[in-house]
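Asks: Task: produce atomic coordinates for the following.
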Amino acid sequence: MSLTVDIEKKLASFTLRVSFSAGDGVLALLGPSGSGKSMILRCIAGIEKPDRGQIILNGRTVFDSEKKVNLSPQERRTGYLFQNYALFPNMTVRENIEASIRKDHPGSSRERHQIATDMARRMELTEVLDRKVTELSGGQMQRTALARILVNDADIMMLDEPFSALDEHLRFTMEKELSQVISAFGKTVLLVSHNRDEVYRLADHVAVLSRGRLEDQGTVEEVFARPATVTSARLTGIKNIAPAAVDPDGFLTVPGWGIRVPPAAWQLPGRGSRLPDSQNGQNSQERQHCQNSQERQHRQNNLDSRNSPHNQHIQPSQNIQPSPEDQESSSPLAAGIRMNDIRPAALAKGPGSVITLAVDQVKNSLFSYTVELHNPQVPDPLPLYWQVSRDVWQPDGSASLDLFIPDSAVVPLRER
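Replies: Here you go, the predicted structure:
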């Protein structure tokens, strides 16, 4: 399966302009509220009409402004999980599932009934099959909504903030269940979220959206390891961001922190701007789907619930060439450092800087400390935050600390 989107639509406060392609696996649209993420899904589904552009789903053109093509939502074969699930409240679970079976399905009423029963069994809804959806738990409502998508044999699954209606204690369980559904679906999945933890665990690729523009795209590992823009850095969890510049010797300098990083450390190969498509044949798609599922499971197993995804030290891909857009806007305007990439000087390893920093404040949490620091040796110091596990460091009242900042931890950032 494949999806190609190249659309433009004028909204109230900005114009949505996006162009991307995706194959089998999960592509997450990560961005703040109001950035245009849900509007993209609505345009793909046919609920909203772009002002111009083209949408191609699995080789079929479902929208083309120049050729006057605009298929109805029913003709597009998309599965859309709305934030509120959009179930029929006056119907039972069985009736909701049956109502989603395509009208052109050749089966009799009895066969449609059996299809709904089989899908309910698959989604572990057998015990509530004849209950009204208003009597269901949040998790059961979500599984019913997913059953409606799967029974329709959709070409694409689109998930709009799938956990926003769930209590915090239900999210972890439902996330695992959804991951299993995605793996079994085996086609293109679009996930809209502003939660980086969900994106990190569930997605294979991520596109960062800000005010209707795609600022950063790549595999989850690439984007979380080396975000390209300030917005992308913030959304992927980088708390330390400060103005930066390149000096005449090519060093990346951050005056507010007193850091100077050599060219070889920060001038890493850029990431390509296009997301992988599915033009490599069915066998390669199946291999990629298997690999994606394994990678998602690995991230699920390794991301501890008490730490955010940026606590994983990931190495970016080194064999992707910079896109023309990356080359044109490659001069960094800022630099970022993840809070937990900073280490005590005693644990220094590899190239980097050992700096004596003044302690301004220490905040504790259940498993770690967050220390606010500044460099007293620079004219206009900016705050630098260090997050450290309790088993690595304990506060002893010292007014200053010797800390090590690896060169590899300093991420150059452009505006967009």
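
Asks: dump the residue contacts of the closest residue to residue 71 other than its chain neighbours.
Replies: Closest residue to residue 71 apart from its sequence neighbours, by CB to CB, 6 or more residues apart in numbering: residue 62 at 4.5 Å. Backbone N, C-alpha and C define where each C-beta goes, glycine included. Taking CB atoms under 8 Å, 6 or more residues apart in numbering as the definition of contact, the neighbours of residue 62 are 44, 46, 55-56, 69-71, 75-76.

Asks: In which helix or strand does residue 62 reside?
Replies: Assignment of secondary structure by DSSP states H and E places residue 62 within strand 60-64.

Asks: May I have that strand as PDB, with CA atoms only?
Replies: As requested, C-alpha coordinates have been extracted for strand 60-64 and formatted as PDB (Å, rounded to 0.1, in the frame of the first residue of the first chain):
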ATOM      1  CA  ARG A  60      -5.900   5.400  -7.100                       C
ATOM      2  CA  THR A  61      -6.200   9.100  -7.500                       C
ATOM      3  CA  VAL A  62      -8.900  10.100  -4.900                       C
ATOM      4  CA  PHE A  63      -8.300  13.900  -5.300                       C
ATOM      5  CA  ASP A  64      -6.800  16.000  -8.000                       C
END
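
Asks: How about it, which residues are buried there?
Replies: Neighbour-count burial for strand 60-64, counted by 16 or more other CB atoms under 10 Å, picks out 62-64.

Asks: Then stretch 133-145?
Replies: Neighbour counts over stretch 133-145 (16+ other CB under 10 Å) mark 133, 136, 139-145 as buried.

Asks: mind giving me JSON lines with the residues you listed and columns for pLDDT and distance to residue 398?
Replies: Written out in JSON lines, the entries for the buried residues of stretch 133-145 read as follows (pLDDT from 0 to 100; distance: CB to CB, whole Å):
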{"residue": "133", "pLDDT": "89", "distance to residue 398": "59"}
{"residue": "136", "pLDDT": "90", "distance to residue 398": "55"}
{"residue": "139", "pLDDT": "79", "distance to residue 398": "48"}
{"residue": "140", "pLDDT": "85", "distance to residue 398": "53"}
{"residue": "141", "pLDDT": "87", "distance to residue 398": "53"}
{"residue": "142", "pLDDT": "83", "distance to residue 398": "49"}
{"residue": "143", "pLDDT": "86", "distance to residue 398": "53"}
{"residue": "144", "pLDDT": "90", "distance to residue 398": "57"}
{"residue": "145", "pLDDT": "87", "distance to residue 398": "54"}
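
Asks: Which of those residues fall within helices?
Replies: With DSSP state H as the criterion, helices contain 139-145 from among the buried residues of stretch 133-145.

Asks: Tell me the one among those nearest to residue 411.
Replies: The shortest separation between residue 411 and any of those is 35.7 Å, and it belongs to residue 142 (by CB to CB).

Asks: Tell me if I'm right that residue 128 and residue 136 touch.
Replies: Yes: using CB atoms under 8 Å, residue 128 makes contact with residue 136 at a distance of 6.1 Å.

Asks: Need the overlap of contacts for these two.
Replies: residue 93.

Asks: dump the residue contacts of residue 5.
Replies: Under the criterion of CB under 8 Å, 6+ apart, the neighbours of residue 5 are 18-21, 40, 43-44, 53-55.

Asks: The same query, at a cut-off of 7 Å, please.
Replies: Listed by CB atoms under 7 Å, 6 or more residues apart in numbering, the contact partners of residue 5 are 18-20, 44, 55.

Asks: hang on, the earlier thing: quick one: buried ones out of the contacts of residue 62?
Replies: Those of the contacts of residue 62 that meet the buried threshold are 44, 46, 55-56, 70-71, 76, by 16+ other CB under 10 Å.

Asks: Narrow the residues you listed to those in strands?
Replies: Assigned to strands by DSSP state E, the following of the buried ones among the contacts of residue 62 qualify: 55-56, 70.
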